[in-house]
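S.K.: got a predicted structure here, sequence first:
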Amino acid sequence: MTEMSPLHFKEAAVRALGDAELQRALGNMRQGFIEKRTNAAARLPEFDALRDKAKEIKDHVLAHLDHYLEAFEKSCVASGGTVHWAKDAAQARDIVLNICRLVGAETVTKGKSMIGEEIEINPFLEEKGIRPIETDLGEYIIQLRNEPPSHLIAPAIHVNKEQIADAFRQHHRDLAPERPLSDRAALLNEARRALRERFLEADVGITGANFLIAETGSTMIVTNEGNGDLTQTLPRIHIVLASLEKVVPNLDDAMTLLRVLARSATGQEMSVYTTISTGRRRPGDPDGPEQFHVVLLDNGRSKLIGTEFQEVLRCIRCGACLNHCPVYGSVGGHAYGSVYPGPIGKVLTPALYGLENARDLPNASTFCGRCEEVCPMRIPLPKMMRHWREREFQTRMIAPRARRALKLWAFVAAQLPSFYHFGARIAAWWLYRRGKKLRGRMTSLPYGEGWTRFRDFPAPLGKTFQSQWRGPRRHRRSESLSGGQRP
Amino acid sequence: MSTARDQILAVLREGYRGRHEPAAKVGADARVARRRANLVPARAQPENRKAALGMFIAMAEEASATVARVHTMIDVPNAVADFLRNHNLPMRAALAPDPALDAARWERRKTLELRKGRAEPFDEVGISLAWKAVAETGTLVMLSGEATPTTLNFLPETEIVILPADRVVGSYEEALAPLRSNGEDSAKHALPRVVNFVTGPSRSADIEQTLQLGAHGPRRLHIVIVDGAAGP
């Protein structure tokens, strides 16, 4: 396994581009998710109005997070739950471990949780002698393969069925060798069989939360497989891992967010299971856990309040920005080296782990803006990536040579505009001449080897943007309106 | 040493410096207590009961559930038995011990072997009663409780849900409304341990992004709609 760190983005991206299997999987993804989301959005005339409403709800929450968290805590405790606050990953891990130890837990089943990934709960529990078992099919597959997830909602998107069969044969000791695992249905049945036993033997079930509801003290999860529900219904203890910003004021607000979540994520009208959990098993209840714990994780989020990054906390983890991102679509999730890949990861990773630990991520963008266009919460991701780039420049994190070049460019463009335009015209003319010879694509540039090593430079048309802008604009505008062809 | 809770709240309040404090708290409390749907799509506000039922059936079938309709509760056991026979399933099931289901007089259908209570790992079929159903997306709303164990919705490979037609509503908000407190003490008026929205049978696309039914929960979801009143 390659080392997971955002610091190796460039190398990891190059490797990913050469990985034929990964490229095939990513090709499928682009077709599937994008088309399904488009259709789901088109079917609901109120979809965009719901997005506006959803954004408004989260903006309101983020302006009153302290009050809503206190309200959530109060309702949760009143309905028989226990709330734990964790400043960072280490505190959250210790809280989980203590609960597990108090009940003498040996096995823990887990529903899919990004917070679980963020605090790296699995290796920690293993080290302490407790066996964590992922039950979401995709998460289970990557757990057997000892890999991190590569997509927010499709964690094993990079794995093919032969690799899954290999993983099952290696890890399922009671699997007869002659049993065929060549088709997808056989693989699903085998996973279902193996995990069924784990569900039944687990002492503790850990799930994430899509929303926390202050009104009722409830947590809410959205799944398609039903694994989250078995995880939280069968064991004696249910632990919910959630980050602070998941809280919403009331059930009406949760329903609004629910209407944009599945449509943005998988293009479904509604996910199969949406579960609202409140407190522990009631007197007379024939099933359900005896204890209900909610771990509220901060891990750097509270610091974002009042900054230019506050809006990133609106994210509901649907994954639409990944599905529509040309960079994610080319390199997949692992290259980012972070629990949170894709456009949201480029903004969230430096916010949670520090810019010095996320160096290349804010730069891994074409600024095409599709992420912002499809984001159900309308998070201005490109703008935020630019904020990080500015900070990178200010804090002298970029290479001194690039820094000097940028400074020189800024000085010339701002202080000596006519000199700058003269130079730009010459450069554009020269590049045009050279580009014609090379049929429009240049594989190297003087002083630009660092850039062209990984990319081709499209030859410009011979005029600078500024001179075209100053040209007969009105004329061109009417031309383009009439189809751009001269009669 | 202050607790993690105090430290987190302190950092948040640092970020909120300049906010008008008493108003912020009053506003948040009012919002928590508010009972008003934000934006309910037109689709979720069908003209009448018949339109709601029609939409529920269409959306549930789109989500790969199957639907049967019967006149009264008395007809339910036959509908259940037909479904089981047609799918080559055993005539054995765990049944929700809800008194409302007694009106079906299950004992008249002698080939059907039923055990009242929660689902156990060996149960292949579970039969339960829906609290509500939402037309908007063909979603069943199931509550946990003594009469309707949650395991019935998830453990068996086949889930059969009995739905009296008058329980179909337009939107999620409508389905939840009777469960919510109206200002009284929330401890006395907590939601049931779980409220399950169920839209079709379990599924996964985690293997090569190809959709397959029956991941961990039921492979089949069959809904028996009872058109007449719930009683005989």
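M.R.: Noted; the coordinates are in hand.
S.K.: for chain A, what's the nearest residue on chain B?
M.R.: residue B:217 (2.5 Å; CB to the nearest CB). C-beta: built from backbone N, CA, C; applies to glycine.
S.K.: helices of chain B, residue ranges please.
M.R.: Along chain B, counting by DSSP state H, helices occupy B:4-15, B:21-33, B:49-62, B:76-86, B:151-154, B:172-176.
S.K.: and what of the stretch 301-450 of chain A?
M.R.: Counting by DSSP state H, counting those that start in this stretch, the stretch 301-450 of chain A has these helices, from start to end: A:320-323, A:326-331, A:342-353, A:370-374, A:381-394, A:400-415, A:417-437, A:449-452.
S.K.: how long is stretch A:39-58 end to end?
M.R.: The first and final residues of stretch A:39-58 sit 25 Å from each other (CA to CA, to the nearest Å).
S.K.: show me which residues of the stretch 301-450 of chain A are close to chain B?
M.R.: Residues of the stretch 301-450 of chain A lying near chain B by CB under 8 Å from any CB of the partner chain: A:302-307, A:310.
S.K.: if we use 6 Å, what do you get?
M.R.: A:302, A:305-306 (CB under 6 Å from any CB of the partner chain).
S.K.: returning to that earlier point: how close does the nearest residue to the residue of chain B closest to chain A once chain neighbours are set aside get to residue A:239?
M.R.: Closest residue to residue B:217 apart from its sequence neighbours, by CB to CB, 6 or more residues apart in numbering or on different chains: residue A:226 at 2.5 Å. Separation of residue A:226 from residue A:239 (CB to CB, to the nearest Å) stands at 19 Å.
S.K.: what of residue A:200?
M.R.: Taking CB to CB, one finds residue A:200 at 18 Å from residue A:239.
S.K.: who has more neighbours out of those two?
M.R.: Taking neighbours as other CB atoms under 10 Å in any protein chain shown, residue A:200 and residue A:239 compare with residue A:239 leading, 28 against 15.
S.K.: which residues does that one bridge with?
M.R.: Here residue A:239 sits in beta bridges with residue A:206, residue A:293, going by DSSP bridges.
S.K.: pretty sure it is touching residue A:205, no?
M.R.: No. With contact defined as CB atoms under 6 Å, residue A:239 does not count as touching residue A:205 (7.3 Å).
S.K.: OK, now which residue of the stretch 151-300 of chain A is nearest to chain B?
M.R.: The minimum distance from the stretch 151-300 of chain A to chain B, using CB to the nearest CB, falls at residue A:226 (2.5 Å).
S.K.: from memory residue A:205 sits against residue A:235, does it?
M.R.: Yes. Under the criterion of CB under 6 Å, residue A:205 makes contact with residue A:235 at 4.2 Å.
S.K.: next one, pLDDT for the most centrally placed residue in chain A please.
M.R.: For chain A, residue A:340 is the residue whose C-alpha lies nearest the centre (CA atoms, centre = their mean; 4.3 Å). With respect to pLDDT, residue A:340 scores 93.
S.K.: what's the burial count for the closest residue to residue B:80 other than its chain neighbours?
M.R.: Nearest non-adjacent residue to residue B:80, counting by CB to CB, 6+ apart: residue B:160, 5.9 Å away. Using other CB under 10 Å, residue B:160 has 26 other residues around it.
S.K.: please tell me how far residue B:160 sits from residue B:128.
M.R.: 8 Å.
S.K.: so how far is residue A:70 from the nearest residue in space to residue B:27 that is not next to it in sequence?
M.R.: Of all residues not flanking residue B:27 in the chain, residue A:64 sits nearest, at 7.0 Å (CB to CB, 6+ apart). The gap separating residue A:64 from residue A:70 is 10 Å, by CB to CB.
S.K.: the more surrounded of those two?
M.R.: Ranked by neighbour count (other CB under 10 Å), residue A:64 and residue A:70 place residue A:64 first, with 23 against 19.
S.K.: hang on, the more buried one packs against residue B:28?
M.R.: Yes. Between residue A:64 and residue B:28 there is a contact under CB under 6 Å: 4.5 Å.
S.K.: report the contact partners of the residue most central in space within chain B.
M.R.: Nearest to the geometric centre of chain B sits residue B:141, at 2.0 Å (CA atoms, centre = their mean). By CB atoms under 6 Å, 6 or more residues apart in numbering or on different chains, residue B:141 lies in contact with B:131-132, B:175, B:197.
S.K.: among those, which are in strands?
M.R.: Among the contacts of residue B:141, the members found in strands (DSSP state E) are B:132, B:197.
S.K.: now the contacts of residue B:141 in CSV, with distance to chain A and pLDDT?
M.R.: Listed next are the contacts of residue B:141 as CSV, based on distance: CB to the nearest CB, whole Å; pLDDT from 0 to 100:
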residue, distance to chain A, pLDDT
B:131, 12, 97
B:132, 13, 98
B:175, 10, 97
B:197, 4, 98
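S.K.: nearest residue to residue 200 in space, please, no chain neighbours.
M.R.: No chain was given, so I picked chain A. With sequence-adjacent residues excluded and distances taken as CB to CB, 6+ apart, residue A:200 is closest to residue B:121, at 5.8 Å.
S.K.: that answer is for a different chain, and I need it for chain B
M.R.: Once flanking residues are discounted, residue B:200 sits nearest to residue B:63: 3.1 Å by CB to CB, 6+ apart.
S.K.: for residue B:151, same thing?
M.R.: In space, and not counting its chain neighbours, residue B:151 is closest to residue B:119: 4.0 Å by CB to CB, 6+ apart.
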